[in-house]
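# Give the three-dimensional model of this entry:
(one chain, ligands or ions: 3)
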Amino acid sequence: MPKAAVCEAVGSPISVQDVDLADPKAGEVRIRTRAAGVCHSDLSVQNGTLLQPIPAVLGHEGAGVVEQIGDGVQGLEVGDHVVVSWVPQCGECFFCSRSEPELCEVGFEALMTGGLLDGTARFSRGGEPLLQMAAAGLFSEETIVPAIGAVKIDQEIPFSSAALIGCGVLTGFGAAVNTADIAQGDNVVVLGCGGVGLNVIQGANHAGAGRVIAVDMLDSKLDLAQQFGATDIVNPTEVDATQRVMELTGGRGADVAFEVIGLEATIEQTLAMTRRGGQAVLVGVPDMEATIEVNPSMEFLVGEKQVRGCWYGSSNTHHDVPMLAALYKDGKLKLDELVSAKITLDEVNEAFTAIENGAVARSVITFD
Ligand code: APR
Ligand code: ZN
Ligand code: ZN
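Ligands and ions are numbered 1, 2, ... in the order given. All right, here's what the predicted structure looks like:
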């Protein structure tokens, strides 16, 4: 009977309790969770920003060890270390065969239902089914995920660092390297330097950006941004951020601007900071009812700006997870520095408060 952190209702504190976990069905694996990052999107389910069926076991960013294999699973063995993907990618559907696996039809279905690929979850309590966030449910000592959502990694990578690859790193690094077209020497601006934004910064550097301007309202996050490779920092509580970005980019605006917060105002600001002909990449997840005001004539026609949505860093998890793990091993990707605090499962509500206060890049729940 694993202990799990359950979101019972929007606005209620997360409750940690013993739950039942069935055996894996065909094509599924049981994972002993070793580490799970507390991402803003977990908080967004609890506060109702992100619509995810509940009650559910939260947690969609994590790593662990394969404990049990369902029928027909190939390529994974008991004892393998894996990173869990919150978009299981089938490799065969319309989107997967067009190199857009982040939109995988099979994975998307699971994401929406709160179950696994057949729409049902493996958790329950008192005989009643209990859903699992994003085909994962990693805020639990054990979980069951689709085998196509578990990607094998090098056993030498610490679990607490590997866990972060599963959401924040794939999303942020991928936004810069996969979604955007960053050319050598480009001016880049990143609005929001949390766990995801810091990875956009390191991804932008990896892609060859020249100037990487970090914008955040907290000086502590701007310090971290510099550590992750930002060349310039802007605090919008002290200066007019758009004006400052214009000054730093020859009056034109950034070649590529990323929004990694998820607010209407900062999305509009991101577009304003993008140069004519540049790209605005939207990574943050706004409230489902959010709308933005945009002057299409000036921005899209005269300005020829592009807006790109970014889902899961446009990542191919089967390719990108091992690639990121290898970059980490070569000392070319910072993961350890993203871990602000290691906590226990019982401290998940405090970790949500820490996100709200902007106190952490990432809190990571470890299971020993
Ligand atoms: N202006 C500038 N910075 C802001 C503002 C603002 N108005 N509002 C918030 N921020 C900063 C915070 O100080 C924080 O550093 O944005 C950052 C957001 O970081 P986190 O809360 O750690 O969120 P993160 O996990 O990085 O996710 C960012 O991407 O995946 C999505 O759902 C996720 O929408 C969220 C976004
Ligand atoms: Zn996440
Ligand atoms: Zn697919």
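
# Give me the three-state assignment for the residue in the stretch 251-368 of the chain that ligand 1 sits nearest to.
The nearest approach of the stretch 251-368 of the chain to ligand 1 comes at Gly262, 3.1 Å away (C-beta to the nearest ligand atom). Placement of C-beta: from N, CA and C, glycine included. Put simply, Gly262 is coil when judged by DSSP: H, G, I helix; E, B strand; the rest coil.

# wait, isn't it in contact with Thr270?
No: look at Gly262 against Thr270 with C-beta atoms under 8 Å: they stay out of range, at 11.2 Å.

# which of these two has more neighbours?
Thr270 (29 against 21; other C-beta atoms under 10 Å).

# ok, now which ones touch the more buried one?
Residues in contact with Thr270 (C-beta atoms under 8 Å, 6 or more residues apart in numbering) are 189, 191, 257-259, 280, 282.

# what about it, which helix or strand?
Per DSSP states H and E: Thr270 is located in helix 264-273.

# Show me which positions of whichever helix or strand comes after that helix end up buried.
For helix 264-273, the following helix or strand on the C-terminal side (DSSP H and E) is strand 274-282. If you call a residue buried by 16 or more other C-beta atoms under 10 Å, then strand 274-282 has these buried ones: 274-275, 278-282.

# mind listing what the residue nearest to Gly115 when sequence neighbours are not counted touches?
Sequence neighbours aside, Ala121 is the residue nearest to Gly115 in space, at 4.6 Å (criterion: C-beta to C-beta, 6 or more residues apart in numbering). With contact taken as C-beta under 8 Å, 6+ apart, Ala121 is in contact with 56, 114-115, 129-132, 137.

# Then Leu131?
Per C-beta under 8 Å, 6+ apart, neighbours of Leu131: 53-57, 113-115, 121, 123, 137.

# Go again with 10 Å.
Counting by C-beta atoms under 10 Å, 6 or more residues apart in numbering, Leu131 touches 6-7, 52-58, 113-115, 120-121, 123-124, 137.

# follow-up on the earlier one: and which of the contacts of Ala121 is nearest ligand 1?
Ala56 (16.3 Å).

# Test of understanding: give the bridge partners of Ala254.
Taking DSSP bridges as the rule, Ala254 bridges to Thr274.

# That one contacts Asp186, correct?
Yes: between Ala254 and Asp186 there is a contact under C-beta atoms under 10 Å: 7.9 Å.

# So for these two, which residues contact both of them?
209, 211-212, 275, 278-279.

# which residues of the stretch 51-200 of the chain fall in helices?
105-113, 159-164, 170-174, 195-206 (DSSP state H, counting those that start in this stretch).

# Buried ones in the first one, by neighbour count?
I take that to be helix 105-113. 106-111, 113.
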